[in-house]
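Student: After the sequence you'll find the predicted model.
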Amino acid sequence: MNFLFVHQFFPGQYLHLVRHLQAEGHNVVFVTQRRGREIPGVRTLEYLPLPPSGAISPHLQEMEMGAMNGLAVARLCEGLKREGFNPDIMIGHCGWGEVLFVKDVWPSTPLLGYFEFFYRVAGSDLDFDPEFPPVSFDPTRIRTRNTINLLSLEAADWGQTPTEWQRAQYPAIHRDRISVIHEGIDTDLVRPEPTARLWLRGGASFGVGDEVITYSARNLEPYRGFHIFMRALSKVLEKRPNARAIIVGSDGVSYGRMPDNAANWREYMLSELEGRLDMRRVHFVGWLTYPQYLAVLQISSAHVYLTYPFVLSWSLLEAMAAGCAVIGSRTPPVEEAVDGRNAYLVDFFDVDEISDRICSVLRDRAGSARVRAKAREHVLAHYDLKTVCLPAHLELIRRLTGGAAAPARRLTGGAAAPRRRARRVAAARQPVPV
């Protein structure tokens, strides 16, 4: 079969799916803006969006950029069509307008859209944290920001999103056409490892027996509770003289804004907490290779995951799969995966509760063993790549293509076909395209 994927940050959420399809012998073409990355056997085509006019209402800036992205992708697709490439299915992210016009190139080809987030004026991320509100909170602009989302809902034949909470953010009239299928966690790779050891620059190393607090985010910023974590950490280090903190993440911003009076949020919080942190025991490690990142999770004594009501990070589920004792914020995206038995729930804003919970986990590692085990069990049952998520994704593709894309008998890497019960767990939550 011919597959066309579209995502400006190749490979985005499609890494596992694309690898599997390529390994099964399908012809996969991936359209993206990202340069310098590739998956062997996958044809990658880069597009350059047309520049925006610069003379348009702020309410329409995202829409104009989305249209420029969509037009650039459509022109590239027209070239593919002239070459003789005709996809059996098109799969792409709907957040940046890239897939708005692909059905104009191939009208009869099904389009499966990835719907990541629908912005809400109230009850979601924008009004959650009074300490750091949006620079200019304009409900009218927030509503028009969803224009690409709404046009994509009309353009796509079907939608996919990774969590029930993300699906629930979309208008009720559209939810029955959005399936909840997570990208999946490779639990063969992400697993507990009692012999794991992490080496830091300077020669320090840590293993499973050490008292290590871990925190991970793509960027260290308020959306992922970095400010709250740092305040709690200062209290923990006062009470636990042997504790160390390993903080994974860069100094950029993924979702919010930079602070007003500092170069980044790390410097902002270090300035606020000056004199209250023993910096000999706080290790900012930036971005790591994936094996190094896994080692951080595997040696963790207590892993903290805090988030606004927003897109759920893969890192929470990876931490659970690695057998971490997770302290997670009592916010809706987290509560979908955490029930209080497979991790500890805390109030996002309660620094004392968070620090006390971290300390209690550090004091009694043996007591958290059951929680760690249940964390991994939950990921295996609901988010495992090979037995739950990939089979559900392949089944959805099969339905959209009229049965042409039947799931392979064996999964990538030689794993056995998923047990029927595991497939029902995933399929039971899905609307059925007809």
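Tutor: Yep, it's here.
Student: what's the distance between residue 310 and residue 116?
Tutor: Residue 310 is 10 Å from residue 116, where distance means C-beta to C-beta, to the nearest Å. C-betas here are computed from N, CA, C, even on glycine.
Student: Neighbour count: these two, which is higher?
Tutor: Higher neighbour count among residue 310 and residue 116: residue 310, with 21 against 17, using other C-beta atoms under 10 Å.
Student: separation between residue 370 and residue 192?
Tutor: From residue 370 across to residue 192, the span is 14 Å (C-beta to C-beta).
Student: What about residue 9, how many residues nearby?
Tutor: 12.
Student: Just give the closest residue to it, not the sequence neighbours.
Tutor: Nearest residue to residue 9, sequence neighbours excluded (C-beta to C-beta, 6 or more residues apart in numbering): residue 34, at 5.5 Å.
Student: Was I right to think that neighbour contacts residue 47?
Tutor: No - counting by C-beta atoms under 8 Å, residue 34 stays clear of residue 47, with 10.4 Å between them.
Student: between those two, which one's more packed in?
Tutor: A side-by-side neighbour count of residue 34 and residue 47, using other C-beta under 10 Å, places residue 47 first with 19 against 15.
Student: Just the pLDDT at that one, thanks.
Tutor: Residue 47 is assigned 96 on the pLDDT scale.
Student: List the buried residues of stretch 364-376.
Tutor: Across stretch 364-376, burial judged by 16 or more other C-beta atoms under 10 Å covers 368, 371-372, 374-376.
Student: Same question for stretch 25-40.
Tutor: For stretch 25-40, by 16+ other C-beta under 10 Å, it's 26-33, 39.
Student: what about that stretch, distance to the chain center?
Tutor: Distance of stretch 25-40 from the chain centroid (C-alpha atoms, centre = their mean, to the nearest Å) equals 20 Å.
Student: residues making contact with it?
Tutor: For stretch 25-40, the external contacting residues (C-beta atoms under 8 Å, 6 or more residues apart in numbering) are 1-11, 14-15, 18-19, 21-22, 41-49, 73, 76-77, 80, 85, 87, 92, 98.
Student: Stretch 252-263 now?
Tutor: Contacts of stretch 252-263 (C-beta under 8 Å, 6+ apart): 125, 132, 134-135, 218-219, 221-223, 251, 264-265, 268, 271, 310.
Student: pLDDT weak spots in the protein?
Tutor: 136, 404-434 (pLDDT under 70).
Student: Please repeat the previous calculation with a cut-off of 80.
Tutor: Within the chain, the segments meeting pLDDT under 80 span 54, 135-137, 403-434.
Student: And it, split by domain according to the record?
Tutor: 2-180, 197-382, 385-427 (automatic domain parsing).
Student: closest one to residue 186 among those domains?
Tutor: Of all those, domain 385-427 sits nearest to residue 186, with 4.7 Å by C-beta to C-beta.
Student: returning to that earlier point: output the domains of the chain in CSV; the columns should cover distance to residue 186.
Tutor: Formatted as CSV, those follow (distance: least, C-beta to C-beta, whole Å):
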stretch, distance to residue 186
domain 2-180, 7
domain 197-382, 8
domain 385-427, 5
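Student: Of those, which is nearest residue 188?
Tutor: Among those, if distance is taken as C-beta to C-beta, the winner is domain 385-427, at 7.4 Å.
Student: quick one: which of the domains of the chain is nearest residue 187?
Tutor: Of all the domains of the chain, domain 197-382 comes closest under C-beta to C-beta, at 5.1 Å.
Student: Endpoints of that closest one, how far apart?
Tutor: The straight-line separation of the ends of domain 197-382 (C-alpha to C-alpha, to the nearest Å) is 28 Å.
Student: Just checking the distance from that domain to the centre of its chain.
Tutor: With C-alpha atoms, centre = their mean, you get 16 Å for domain 197-382.
Student: so where do the strands sit in the stretch 101-250 of the chain?
Tutor: For the stretch 101-250 of the chain, applying DSSP state E, counting those that start in this stretch gives strands covering 111-114, 158-161, 178-180, 197-199, 205-207, 212-219, 244-250.
Student: Which of those sits closest to residue 302?
Tutor: Nearest to residue 302, of all those, is strand 212-219, at 5.2 Å by C-beta to C-beta.
Student: contacting residues for the residue lying farthest from the centre of the chain?
Tutor: For the chain, the C-alpha farthest from the mean C-alpha position belongs to residue 82; by C-alpha atoms, centre = their mean, that distance is 35.4 Å. By C-beta under 8 Å, 6+ apart, no residues touch residue 82.
Student: helix or strand for it, which one?
Tutor: Residue 82 belongs to helix 61-83 when elements are defined using DSSP states H and E.
Student: in that helix, what counts as buried?
Tutor: 61-74, 76-77, 80.
Student: same question, stretch 152-170
Tutor: The neighbour-count criterion (16+ other C-beta under 10 Å) identifies 152-153, 155-156, 158-163, 165-167, 169-170 as the buried residues of stretch 152-170.
Student: And the buried ones among the contacts of stretch 252-263, selectable in ChimeraX?
Tutor: Command for ChimeraX that selects the buried part of those, burial taken from 16+ other C-beta under 10 Å:
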select :125,132,218,219,221,222,223,264,265,268,310
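Student: Go through the contacts of stretch 252-263 and name the one nearest residue 332.
Tutor: Among the contacts of stretch 252-263, and counting by C-beta to C-beta, the member closest to residue 332 is residue 310, at 9.6 Å.
Student: got a list of what that closest one touches?
Tutor: 117, 124-125, 223, 255, 333 are the contacts of residue 310 under C-beta under 8 Å, 6+ apart.
Student: try residue 11
Tutor: 5, 18, 30, 32, 37, 39.
Student: Now the second one, what are its backbone angles?
Tutor: Residue 18 adopts backbone torsions of phi -60, psi -40, taken as degrees, to the nearest 10.
Student: can you pull out the helices in the stretch 1-150 of the chain?
Tutor: Taking DSSP state H, counting those that start in this stretch as the criterion, the stretch 1-150 of the chain carries its helices at 15-23, 61-83, 102-105, 139-145, 147-155.
Student: now for the first one, which elements pack on it?
Tutor: This means helix 15-23. Where contact means 3 or more C-beta pairs under 8 Å, 6 or more residues apart in numbering; DSSP states H and E, helix 15-23 is packed against strand 2-6, strand 27-32, helix 390-400.
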